[in-house]
Every structure is written in structure tokens, then in C-alpha cells.
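Engineer: Sharing a sequence plus its predicted fold:
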Amino acid sequence: MPSRLRQLFFLSLILGATHFAFGEGTRTWEQSRFEELVKGTTNGIAIRSLGGLELAPAFKQISTSPSTYIWSIAADVNGNLFVATGSPARVYRITPEGKSEVIFEPQELQVQSVTVDKSGAVYAATNPDGKIYRIERHLAEAEKPGTSESKWSSSVFFEPGTKYIWDLAFDKLGNLFVATGDQGKIFKVTPRREHPLFFKSDEVHIRKLAFDGNGNLIAGSDGSGLVYRISPDGQGFVLYSAPKKEITALAIDKAGNIYAAGAGEKRGGGPGPILVTPPATPAPSTAAPSGQPGLTISGASTTPPPAPASIPSPGVGATGGSEIYRIAPDGSPTRIWTSREDLVYAFAFDARGRLIAGTGNRGHLFAINNEDDYTDLLKASASQITAFASAPGGALYVSTSNLGKVFLLGGTSQPEGSYDSDVFDARIFSRWGRAELRGSGMIDLFARSGNVDNPDRNWSPWTKVEMQKGGEISVPAARFIQWKAVLHASEPPPHVDSVIVNYLPKNVAPDFDDVSVQVGVKYQALPHVSDSSLPGQPHFEAPPPMLRDRDSIGVKWTVHDDNDDQMVYSLYYRGDGDSRWLLLKDQLTDKFYSFDASLLPDGGYTVKAVASDAPSHSPGQALYAEKESSRFEVDTTPPLIQGLNAAIAGDKVHVTFSASDGFSSIKRAEYSIDAGDWQFVEPVGQLSDSKTESYDFQASDPPTPPAAVINPAGQKEHVVVVRVYDRYDNMSSAKFVIRSK
């Protein structure tokens, strides 16, 4: 070991006896961006798209339905909720206290839409072979002591003669508008049950209806993703052709902005809606039948029996997530939200006037504030959030499918919420420093650490971080860490903008993978490019260009450092039989080096590469590693030819000589007579495997040379040239001139 490295090594041992040597400076783990925070676990916490955490709105379950799917809900003036379901098809009435009762159970497969008029009568649309039923409550009968008759009665209110009914909406005059599928028609049913065709589109389905402040009907289609504005006299105008195939939700704010959600990829001339077969009986599993809008069978042991009809449910077959568009009162459209994972099913406005979007198939609820500015409010305990209705006190009723549940979304925030961060892997054993929290309001911060990636496997307990005392994280040094923020309702409202954890990785020595030496190779230096990759991220290192150069020796090595420290390298060499390593080159920053082969005498050698992380550490804290190459040989000296002699013997030329090399075996020999072609010649004994070889051979007598090579004495001259190669292709040659009469 070189003396400088030996001193450094023992100094590190002495210092390491009292504390760890840690990696290059203090590092930080920061979480503030939406993409980072969504990896954590929320409980009553909302995540802002612009970064940060806040308390989510109050959200509590008020009812669970035996039906798997809830497609539509509507509330009356007293806050009673009416719920349209499928599997099985029913209409439920749920009081503000959460009491539920079945008020209607049709023969059709599902109740697709429900609405309530000013008198409190309920209208329910069924699929397939759509009908609209009017459901009324009979208070006189309900008040009879001991009566067993139903409080509610139903009758067919309207049959549009279409296969599907998708949505219902009342205008201010009490006319009921009916959006249908199969022929893309909208019907207007008056209080007198007159039902003229109000609008006929060239789309297959009209999915959604809403009224603007001027009494115009806004309709969304399935097929070309069109948003229509239809005047009170039935004149239609396409406001917007969405990039998506289907409009799945519509809403209009007080300023007259129209919000539309689009889903599904448009395919010109493609097939019509995908048909779905829902189960004829309630499914005990939480899984949905294959083909429902984004619903898939997951973990179900049995598949429900198919019904005799099929229903193209909203959003079915949609790929590529959803987009939300805002159409301004002047008609200009803007895409304000997009998601590759979430499919929008329903819109509403909360007490603050924010657009609320219910989505599947992760059951997330979003508040859309502005273009690319939104808040992931919460995740429901169901796969799809399908509908909204107004609730007392500025709250919203929220329905879900798979499972069919009803929740109350409050107009105020949760009193308390908690957020567990994603687990951070420091990659090596680390010591934890201070935590830095940027935010306001009442917030408690906790941390825990461990040496396995699962916090449930014997990590340290949650320990509070006392932010008022400097924010020191009092958890054991380990490889993994996690933080938790608990937000309490306060003034100002609590919010977390970012959390930074400072840590110091334990310094570990560099680790060599390989050291290789190639004789006859020269590496060319590459221009240095700054490495912007983050700690723990893979580094890309382009291999150096390699040239063939028999006078050079190239050394290349691969080494890594788990701390991602900067490293400096030294090369040493040692000949066969030598005890000392001699310095070849130090202060190298590249992982390769080439040098002139003639600097080394012929012989066998080994190279040792030494890597040190000294550039990233204070004096005395650096660590190093070393690795030896395989043995290689250097031979730059050509063989020696001795005793070359040639004579004419009859019709032959007799040639003798010997060849020797100081290091390697003689590889081959050749001869040429009078500049003829080179001819291979074997040594005496035929095997060429020794440092010294003798040659004795006869060649055919060459033809008589031309007059130009007859010397003045009248003698004929023949020139014999021999050349010899050693194992490393070093070559020497010699010649002999034969003179004869």
C-alpha cells in the first residue's frame, strides 16, 4: 500500500473509533410538489396541484345501499334524497338523518336517472326499453294505524319509444326534458304530459342535460363528444366538439361558464357503444360486472348471471382518462384539467363556488379551481363517485358505485386530518438531522425510521418533532424514514407547503467492479459534462473511444460509490517478482488511462487502481478502495537473428540461422529469395514454442538472375531475406547475399 494511502487509512480508523464517517455533506429530502405528495396516505387531508396539504372538507357516510350501482341522485326541498340504482334496480328515499327505504322497484334492469319536481313528486327513468315513472307519496294512507299498504305509488309517466333514457332535467316552467339513446333524441314533456320531440341530433346518445341562465338547454353527446346549446324553441347549435368521444358530465356556474367532461378516444367510423350486461340479481361481491363504466371484476369468486338485455352505460370502454373543458359565455373553450387515470362521472358546485368533480375508478373527488389548478380533496371507500345533489347547509350529497353508498360532503373542513408521507429510502445507513416545515396554522409533525422498506415491520415508533425547539428529528439512524403531519382546524386554516428532512449518510468506501488492461489499445479523453442526476439515481457514463495502437497500453476500471461521492484515482504497477508497487499516475478523474508501452521493460505486470472519495470529505474522513488487474505482459523488443548463412547446393538453396527473444517465444519465421513471395518456414523440431529456435532448410534453386544482378566479377548474386516474429508480433529481419559462378 502506498505510504500516503496507508497514513490516510489509519487516520480514518482512529477517527472511526469514536463516530461514523459520513458522506459528502448534509443532504435533504424535500416533499412539496403534487407528484411527490400523492404517493403518501391521506386521512382527511387534501392535496393541492400547485403543491401542499390542507384539511379536506368534512365527509361522512350516511347510507349503504344493497344495490351495487348508484347512477343518479336528487334531493327535495326538505333535504330528502332519492337514489336511482342498478343491480338491483330500485329507487331509495334517504332522509337527512340517514334512514333509508325502498319506494320503487321496477321490472327493468336499472334506474338510470331520477329527479324531483316542485311538488315533491319523483320521476325515475329506467333502462333498457326506457320508461319514465312518476312516484308519489300518499300521506293519508301512510297515517292509517296498522296499514300495510305502501306509502308510495308509481305509474308510467312517459314512454319515449327509445331503448335508453340517460338524463332528466326540469326547466323553470315545469317541463321535463328527457335525454335518450339509440337515436339521440331529446323530448320535452309538459305538465299535461304532452311530449313533442324537442331536438333530434345526429349522435347515437344524448348523455347529459343542464340549463343555462337564459333558459337554453345544454346537452352533451356520446359519439363525437359534442356540447349543444338548444334554444327554448328547439334550435340547436354545437358549442364545442371535444377531443374526446363522450361528454360524461355538465355543469354551469353563475357567471355562465359551461363545464363539460370528456372521456373516451374518438375513432372515425368505429363501432357503436359497447354493450354491457349487468347482473339480474344483487352481487354479493364488491366487484362489478365486466363492461360497466371502468368497472372490472376483481377478486370475485363467481360471475353474476347475465340478464336478457344489454346496456351501454356512461363512460364504458373509455380509455385515456378524462378532460374537463370550460366554455366561456362568448363560446371560447379551454381545457382546464386532464387526468390519464381518472374518469369524470359527475359535477357540482360547493359552497365556495368551486367546481367539484366526482371520478372513478379510484373514487377520487377533485375541486377544480382554475386551469391546471385543482385540489385532490379525498378518496371515497368505493370505486366510482357517480352523482351529486344539494344538501342542507351548503353541503352536497355524494353517491358512489361499487359499492353503492351515499356520503355527505360538508361545507366546512374536517376538524383534524393526517398525512403519512411516502417512505424515503436514503439507500444507505443515515443519521437524521432537523426537519423544516413551511406552512401555517396548527400542525404537528412526527417521524419514524427503520431498516426495512415496510414501516409495519419493527420500525421505531412515531416520535413528535418539536418544531419550536429547532425541529430535531429524534429517531434512530437507519436507512428509511417517514414523516407524518397532523393538521388541526384553526385560524388561519392549517396548510403545509413543504417538509424538508436533513440527513447525513454514513460514508462507505468506493467499490470496484473491474479493472482491465489491454495492450495495444489507447483510450481518448471525452469532454467533461456536469452530472445533474440526483443522489440515488443511475449515472450514465459514455465509454471512452478506443483506438488500436500497438505502442500503447490502456487501463480501464469501473467503480461505484453508494454515497455518490466525487472520486479521484491513482494507478500503480508491479512487475513479476517485485515486492513494491510503483506509482504510474495519480490525481486521475477519468476512469481510464493510456500510456506508452515502451515505459515498461519487457515482462509480466499487474496494475492496481486505487479510488478515494477525498474530494467529497474533510481531511481524515475520506475512504478508499483498491483492486488489482489480471496479469498482463509487455514485450516491445523484437527477436534477435543470429548466424544467418545461405549457399547453393545443387539445385537448392541451403539456409541456416537461429532466432532468440529475451521475453516471449518465437511465433513464426518467413523467408524470401530475390524479392519473391514470403514463404513460411518451420524451426528444427517443427514446434515453435521456445524463446530460442534454430532453422535449417533447403529452398528450390532460384532462376538465373537477370544481367543487372551479375556483379563485375561475373558472379551471380541471390539475396536471401528472413524475418522472425515473437508472440507479440515484434519483428526483426536479416539478409544474406549468395555469390556464385
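Structural biologist: Ah, there it is. Numbers count the residues shown, from 1 in each chain.

Engineer: Under the pLDDT cut-off, which ranges of the chain? List them.
Structural biologist: For the chain, applying pLDDT under 70 flags the ranges 1-24, 139-150, 268-320, 528-540, 701-714, 741.

Engineer: how is it carved up into domains?
Structural biologist: Domains of the chain are assigned by automatic domain parsing as 3-17+508-634, 27-56+416-505, 58-413, 640-740.

Engineer: Would you mind finding the most buried of the ones you listed?
Structural biologist: Per residue and on average, the most neighbours among those fall to domain 58-413, with a mean of 19 (mean count of other Cβ atoms under 10 Å). In this view, the C-beta of every residue, glycine as well, is placed from N, C-alpha and C.

Engineer: what separates that domain from the chain centre, distance-wise?
Structural biologist: Relative to its parent chain, domain 58-413 has a centroid offset of 33 Å by Cα atoms, centre = their mean, to the nearest Å.

Engineer: what's the span of that domain from first residue to last?
Structural biologist: Start and end residues of domain 58-413 are separated by 5 Å (Cα to Cα, to the nearest Å).

Engineer: Report the beta-bridge partners for Tyr397.
Structural biologist: Here Tyr397 sits in beta bridges with Ala389, Leu408, as judged by DSSP bridges.

Engineer: For the longest strand that the chain contains, output the C-alpha coordinates as CSV.
Structural biologist: When the chain is parsed with DSSP state E, its longest strand is strand 424-440. The C-alpha coordinates for strand 424-440 follow below in CSV (Å, rounded to 0.1, in the frame of the first residue of the first chain):
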residue,chain,number,x,y,z
PHE,A,424,-37.9,7.6,1.8
ASP,A,425,-35.0,5.4,1.0
ALA,A,426,-31.7,7.0,1.8
ARG,A,427,-30.1,3.9,0.2
ILE,A,428,-27.5,3.6,3.0
PHE,A,429,-27.5,3.9,6.7
SER,A,430,-28.1,7.6,7.6
ARG,A,431,-28.3,9.9,10.6
TRP,A,432,-31.3,12.2,10.7
GLY,A,433,-31.0,15.9,11.4
ARG,A,434,-33.6,18.7,11.6
ALA,A,435,-36.9,18.8,9.9
GLU,A,436,-38.0,22.1,8.2
LEU,A,437,-41.8,22.7,7.8
ARG,A,438,-43.1,25.5,5.7
GLY,A,439,-46.8,26.3,6.3
SER,A,440,-49.1,27.9,8.8
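
Engineer: And it, what does it pack against?
Structural biologist: Of the remaining helices and strands, those touching strand 424-440 by 3 or more Cβ pairs under 8 Å, 6 or more residues apart in numbering; DSSP states H and E are strand 27-31, strand 442-450, strand 478-488, strand 495-505.

Engineer: could you dump the ones you listed to CSV with distance to Asn80?
Structural biologist: Compiled in CSV, the helices and strands packed on strand 424-440 are given as follows (distance: least, Cβ to Cβ, whole Å):
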stretch, distance to Asn80
strand 27-31, 44
strand 442-450, 37
strand 478-488, 34
strand 495-505, 36
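
Engineer: do you know how far Trp152 is from Arg93?
Structural biologist: In this structure, Trp152 and Arg93 are 8 Å apart, going by Cβ to Cβ, to the nearest Å.

Engineer: Common neighbours of the two, please.
Structural biologist: Here Trp152 and Arg93 have Ile103 as joint contacts, going by Cβ atoms under 8 Å, 6 or more residues apart in numbering.

Engineer: what are the ranges of the helices in the stretch 451-600 of the chain?
Structural biologist: Chain-ordered helices for the stretch 451-600 of the chain, with DSSP state H, counting those that start in this stretch as the definition, do not occur.

Engineer: can I assume Val653 is in contact with Ile673?
Structural biologist: Yes: in terms of Cβ atoms under 8 Å, Val653 counts as a neighbour of Ile673; the distance is 6.4 Å.

Engineer: my guess is Asn214 is in a helix, correct?
Structural biologist: No: assessed by DSSP: H, G, I helix; E, B strand; the rest coil, Asn214 does not belong to a helix; its assignment is coil.

Engineer: and it, how far is that from Ser612?
Structural biologist: Asn214 sits at a distance of 77 Å from Ser612 (criterion: Cβ to Cβ).

Engineer: what's the spacing between the longest strand of the chain and its chain's center?
Structural biologist: Its chain's C-alpha centre lies 23 Å from the corresponding centre of strand 424-440 when counted by Cα atoms, centre = their mean.

Engineer: Between strand 27-31 and it, find me the angle.
Structural biologist: For the pair strand 424-440 and strand 27-31, the angle between their directions (axes from the mean of the first three to the mean of the last three Cα atoms, to 10 degrees) equals 60 degrees.
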